[in-house]
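Enquirer: sharing a sequence plus its predicted fold:
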2 protein chains.
Amino acid sequence: MPRLVTAYSNPLIRQARDLREKRHRRESGRFLAEGLRILTEARESGRIPRVLFFTSATAAHPLVIRLIGAVESAGGEAIETTPDILSKLSGKDNPGAVIGVFDEFGPTLDELDRNAASIWLVAERLRDPGNLGTILRTGDAVGAGGLILIGECVDPFSVEAVRASMGALFTVPVVRCEWDAFVGWLRRGPGQLVGLSLDTDEDYRTARYDEPTFLLTGNEAQGLPEDYAALCDLLVKIPMLGRADSLNAAVATAVMAYEVLAQRRA
Amino acid sequence: MPRLVTAYSNPLIRQARDLREKRHRRESGRFLAEGLRILTEARESGRIPRVLFFTSATAAHPLVIRLIGAVESAGGEAIETTPDILSKLSGKDNPGAVIGVFDEFGPTLDELDRNAASIWLVAERLRDPGNLGTILRTGDAVGAGGLILIGECVDPFSVEAVRASMGALFTVPVVRCEWDAFVGWLRRGPGQLVGLSLDTDEDYRTARYDEPTFLLTGNEAQGLPEDYAALCDLLVKIPMLGRADSLNAAVATAVMAYEVLAQRRA
C-alpha cells in the first residue's frame, strides 16, 4: 500500500530532491524522471522506479495505478504526497502527475551489438542537457541503436536531459566513454564514422552512407577537433545559406540522421 | 566616451536587468542580447544597441571597439561596468563579453515580400524559448524569408530565445499575428501552406513543395489544431520508427526545412 508523506523534511523527499544535483546523482547512482507519459514509457521498457511520488489528485488514474502496482511488485516505494512537495521535487510550478527515482543504467561499448541498428549517434563534449535529450528523442525516432557520448559530456541523467528526451532516455541505450576507447571498439568491426564538418565540400545529401553509420556531432561551440575529424571515414557538410556558420547541435544531428534514414528507406 | 558605472543600483543597470522579465520588455519595447558574436551580427545587420555594457577586460577587443563606436555614433550609451554586474545582467556565471539593450523590432505581415524567399517558417503557440531561437537559427541557415508566430507564442525577445537564436533574431524577420490574419494574408498571393501532421500518409520526403513554401509547426505538446490542419494545402508526416510519436518542434521544423531546401537545390 502507498504511504502518505507530507513533510518536506522526510528523508525520502530530501534524497529525491537532492537528485536534481549532479553530485548526489553520482554518489547515489540514481536520478529523477517526471511525468506520466515518461514514466509509463519507462515501465513499458522495463524500468521501474525505486520510489514513486504522486498526489491524491492523480492516484485514481489508470496509468498511475499501473505504475504503483509495478513499483510495489518490484519492491519499491509508492508515496502519496502533496502538490507542493511534488512541485519542489520537480522544480516546476506545474509538475507532472508523477515523479520517479530510478537507478542509473547503461551498457558498456562491448555490450552494444552494432549490427542491431543501421544508425548510431555519437556526440563529443556535448554541453547542453536540452540538446542531449533532444538527440535521444531523435535517436528513438530514427531507430538509432544508441547514443555514444564521448569525453566530458553533460549528464544524460540530469533533470533537463531526461525531460527533453521525452522518455527516449529509457528506450535508446546511452554509453559514456573516451574517444580512444570508442575508436578502438569501432575499428574492431564494421561501421562508417561520419563527421559533420565545415571543412569539406562533401554535401550530406549526395554522400553515401554505409551500414552501420555512426554519426558524429561535435561540441556546440567548437565543433569536432581536427584529430577526431581526421579519423572519420567521411566528412560531410550541411549547406548554410545565411550568415551563421552552424546549426544547433541537436538540429544538425537530426538533419543528418533523417538523411541516412531516407537512404535506408529508398 | 564610455562612462564607468559600478553600482548595481544605477538606474541604467536596473532598467537593463528588468528586461529579463517579459512585463518590463512589453512596457519599454526593449530587450537584451548578449555576447560579442551576437552583438556583432546585430551591428552588421544594422541593429545598434541603445545601451552597451562591457568590462575593462574586453574594452580593447577590436570588435568591442567597433561596437562602442557604433553605439556612440547612433546616440546610445556605452557603459563600462564590473564583471559582477555583467554577470547579474546576464543571469550566467560566465557572461559574454558584452550585453546590449536593443529596441524591439519586426515587420507586419503586410510588410513581408513573400516572393523574396522560397521558404517561410510558421509556428503556432510555440511555448519554449529555446525552440523559438533554434527555429530562427535554422531559418537563417535555410535562407527562410522569416518566421511567422501565430497566436500565444513565447516572446522572441526573451533572453533564452535570443541566446538560442545565436544572432539569427537579427537576421530573420519575425512577425507575430493571429491565425485568421495570417491565413487572410497568405491567400492574397501565392504560397503553399504545409502542415506537419500525424494524421496523413503523405511522406515529407516524397511530397512536392511549391514556391513559396510556408512550413507550419504546431504547439510542442498538442501539435496542430484540426481546423488549422484543414486549411493547409498539404499535410506531411516525418517517419517515426521508435516508440515516441513526435519529434522536438525545432527538430521537426529543421528536418522539413532542409527537405524543402534540397528540392530547391535539385
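Expert: Perfect, I can see it now.

Enquirer: chain B contacts on chain A?
Expert: Residues of chain A lying close to chain B by Cβ under 8 Å from any Cβ of the partner chain are A:41, A:44-45, A:130, A:134, A:137-143, A:164, A:166-168, A:171-172, A:205, A:238-244, A:246-248, A:250-251, A:254-255, A:258, A:261-262, A:265. From N, CA and C alone the C-beta is placed, and that goes for glycine too.

Enquirer: drop anything exposed from those.
Expert: The neighbour-count test (16 or more other Cβ atoms under 10 Å in any protein chain shown) applied to the residues of chain A next to chain B identifies A:41, A:130, A:134, A:137-143, A:164, A:166-168, A:171-172, A:205, A:238, A:242-244, A:246-248, A:250-251, A:254-255, A:258, A:261-262 as buried.

Enquirer: tell me which of those fall in strands.
Expert: When DSSP state E defines the strands, the subset of those inside them is empty.

Enquirer: state the phi and psi torsions of residue A:111.
Expert: Here is the backbone geometry of residue A:111 (degrees, to the nearest 10): phi -90, psi -10.

Enquirer: which of the residues in stretch A:144-161 are buried?
Expert: Neighbour-count burial for stretch A:144-161 flags A:144-151, A:153-161 (criterion: 16+ other Cβ under 10 Å).

Enquirer: quick check: end-to-end length of that stretch?
Expert: 18 Å (Cα to Cα, to the nearest Å).

Enquirer: under the pLDDT cut-off, which ranges of the stretch 51-200 of chain A? List them.
Expert: Across the stretch 51-200 of chain A, nothing is flagged by pLDDT under 70.

Enquirer: show me where it has strands.
Expert: Taking DSSP state E, counting those that start in this stretch, the strands of the stretch 51-200 of chain A run over residues A:51-54, A:77-80, A:98-103, A:119-124, A:147-150, A:174-177, A:192-196.

Enquirer: so how far is the fifth one from its chain's centroid?
Expert: The chain centroid and the centroid of strand A:147-150 are separated by 10 Å, computed with Cα atoms, centre = their mean, to the nearest Å.

Enquirer: which parts of the stretch 101-250 of chain A are helices?
Expert: Secondary structure of the stretch 101-250 of chain A (DSSP state H, counting those that start in this stretch): helices at A:129-142, A:159-165, A:179-186, A:226-230, A:249-265.

Enquirer: could I get the average pLDDT for the shortest one?
Expert: So the one you mean is helix A:226-230. In this model, helix A:226-230 has a mean pLDDT of 95.

Enquirer: next: the longest one.
Expert: Helix A:249-265 shows an average pLDDT of 97 in the prediction.

Enquirer: what is the orientation angle of that helix with helix B:249-265?
Expert: For helix A:249-265 against helix B:249-265, the angle by axes from the mean of the first three to the mean of the last three Cα atoms, to 10 degrees is 60 degrees.

Enquirer: got it, and the third one?
Expert: Here helix A:179-186 runs at an angle of 60 degrees relative to helix B:249-265 (the same axes, to 10 degrees).

Enquirer: ok, the first one next?
Expert: Here helix A:129-142 points in a direction 60 degrees away from that of helix B:249-265 (the same axes, to 10 degrees).

Enquirer: so what does helix A:129-142 touch, helix or strand wise?
Expert: Where contact means 3 or more Cβ pairs under 8 Å, 6 or more residues apart in numbering or on different chains; DSSP states H and E, helix A:129-142 is packed against strand A:119-124, strand A:147-150, helix A:159-165, helix A:249-265, helix B:249-265.

Enquirer: in a markdown table: the ones you listed, plus distance to residue A:20.
Expert: Output for the helices and strands packed on helix A:129-142, formatted as a markdown table (distance: least, Cβ to Cβ, whole Å):
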| stretch | distance to residue A:20 |
| --- | --- |
| strand A:119-124 | 23 |
| strand A:147-150 | 20 |
| helix A:159-165 | 6 |
| helix A:249-265 | 22 |
| helix B:249-265 | 25 |
